[in-house]
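A.B. asks: sequence plus the predicted model coming up.
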Amino acid sequence: MTLGDAVQLQDVLNAAERINGYVHRTPVLTSSTADELASSHGHYQLNLLFKCENFQKIGAFKFRGATNAIRSLLDSTSGSATKDVIVITHSSGNHAQALALAARQQNVVCHVVMPSTAPSVKKEAVQGYGAIVTECAPTLEARQNTVNEIVQRLESEGKVVEFISPYDDARVIAGQGTLTLELLEQAAEMGKELDVLITPVGGGGMLSGCAVAAKGKNPNIWVAAAEPKGADDAHRSFYSKEFYPSLMPQTIADGLLTSLGKHTFPLILQHVDAIYTVAEDEIIRATRFVFERMKIVIEPSSAVTLAAVLYSADFHQAMKELSVKNGGRRLNVGIVFSGGNVDLKLIVGLFDSLGAS
């Protein structure tokens, strides 16, 4: 099996069964105003269906992958007592909170290594979910070394210790893909079966899982991703078919700073049709639209999807061609809002930076 086959549709279906009852089935919202704006470029008409993972536990899609990873681990270590199974990660973002809560739900001990520079509110949130937090210097090397030290100590005590990556883990990828299974079902229930799916992309865990699920269910779905122009490593990697790391990314979408992984990149090359980039002001405008017109809270990392739909000339051209291919009918576009964990003071400042435009 190649890395491009590391996760298949059956893995996502198994994950959906495994996490059922532990995660929220998040809502799909619509907006006639958003439909009008997205259809104002001529030559095509769109229905937008927003999959709102900002309503997921811990406020982000990450809870799906974390839950599937832990429950898969427990299945594979059924001979060990739960108290002897420990999960560990290094993260200062949503994955830390997701793994901490998922571990608490499954009665598993969770260790999280966080940089000393991480905001205290994030550390307190992770600790509030019951995880054991260890601080380290704010470098990747320090994070990895600290994780290794903890793992060695715990294993010497006879514990089963598993590192769970925020995105480059087949169990996490499959778990994230379950949101697409839900979206496909919900869209069909609304009489708007999906033609297009677009997600944000950072490390690629969600994108690759969602792409596997979408293409596995319907190979004709156009699967795309969006990322900031100031953190466009996935875009460059995808179109060159050569891995480019994320080096000194500059964007307000702080959830999309990570490089693609050894598992996610091959899956994306195999199952994704396009990746679009958007400017910072476009991300802010899309975020503000969602706050003001849809009345929900999302983080800028979530808004890259809507920004691409509204502002990307490459996306507009693709939709024009897809519409022609489908006889000019309205296209149903699934847009993933990945999370809603945002500093409200920061977001107000970003909105103010746009002025009255």
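C.D. replies: That came through, no problem. Numbers count the residues shown, from 1 in each chain.
A.B. asks: show me the helices in this protein, by range?
C.D. replies: Using DSSP state H, the helices of the chain run over residues 9-19, 32-38, 62-76, 94-105, 120-128, 140-156, 170-189, 205-217, 233-240, 264-271, 280-289, 300-311, 313-325, 344-353.
A.B. asks: check contacts around residue 63.
C.D. replies: Residues counted as contacts of residue 63 (C-beta atoms under 8 Å, 6 or more residues apart in numbering) are 23, 56, 57, 98, 101, 102. (Each C-beta comes from the backbone N, C-alpha and C, glycine too.)
A.B. asks: same deal with residue 29?
C.D. replies: With contact taken as C-beta under 8 Å, 6+ apart, residue 29 is in contact with 49, 50, 52, 294, 296.
A.B. asks: quick one: buried ones out of those residues?
C.D. replies: Burial by neighbour count, 16 or more other C-beta atoms under 10 Å: within those this picks out 49, 50, 52, 294, 296.
A.B. asks: looking at the residues you listed, spot the one nearest residue 286.
C.D. replies: Using C-beta to C-beta, the shortest approach to residue 286 within the buried ones among the contacts of residue 29 belongs to residue 294, at 10.7 Å.
A.B. asks: so where's the stretch 1-150 of the chain shaky on pLDDT?
C.D. replies: Confidence mapping of the stretch 1-150 of the chain against pLDDT under 70 gives the ranges 1-4, 79-82.
A.B. asks: rerun that using 90 as the cut-off
C.D. replies: Across the stretch 1-150 of the chain, the stretches falling below the confidence threshold (pLDDT under 90) are 1-6, 41-43, 76-84, 91-94, 115-125, 138-141, 143.
A.B. asks: reformat the contacts of residue 29 as CSV; add distance to residue 265.
C.D. replies: Shown next, in CSV, are these (distance: C-beta to C-beta, whole Å):
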residue, distance to residue 265
49, 28
50, 27
52, 27
294, 33
296, 32
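A.B. asks: farthest-apart pair in those, please.
C.D. replies: Between any two of the contacts of residue 29, the greatest separation by C-beta to C-beta is 14.2 Å, found for 49 and 296.
A.B. asks: list the contacts for the most centrally placed residue in the chain?
C.D. replies: Note on the chain: the residue nearest the mean C-alpha position is residue 206, at 4.1 Å, using C-alpha atoms, centre = their mean. For residue 206, the residues meeting the contact criterion (C-beta under 8 Å, 6+ apart) are 61, 65, 167, 176, 179, 199, 200, 336, 338.
A.B. asks: how much space separates the fifth one from residue 135?
C.D. replies: Distance of residue 179 to residue 135, given as C-beta to C-beta, to the nearest Å: 32 Å.
A.B. asks: who touches stretch 266-274?
C.D. replies: When contacts are defined by C-beta under 8 Å, 6+ apart, stretch 266-274 is touched by residues 2-4, 6-7, 173, 201, 204, 207-208, 211-212, 214-215, 222-225, 234, 238, 241, 260, 314-315, 318.
A.B. asks: and the residue nearest to the centre of the chain, how far is that from residue 351?
C.D. replies: Separation of residue 206 from residue 351 (C-beta to C-beta) stands at 26 Å.
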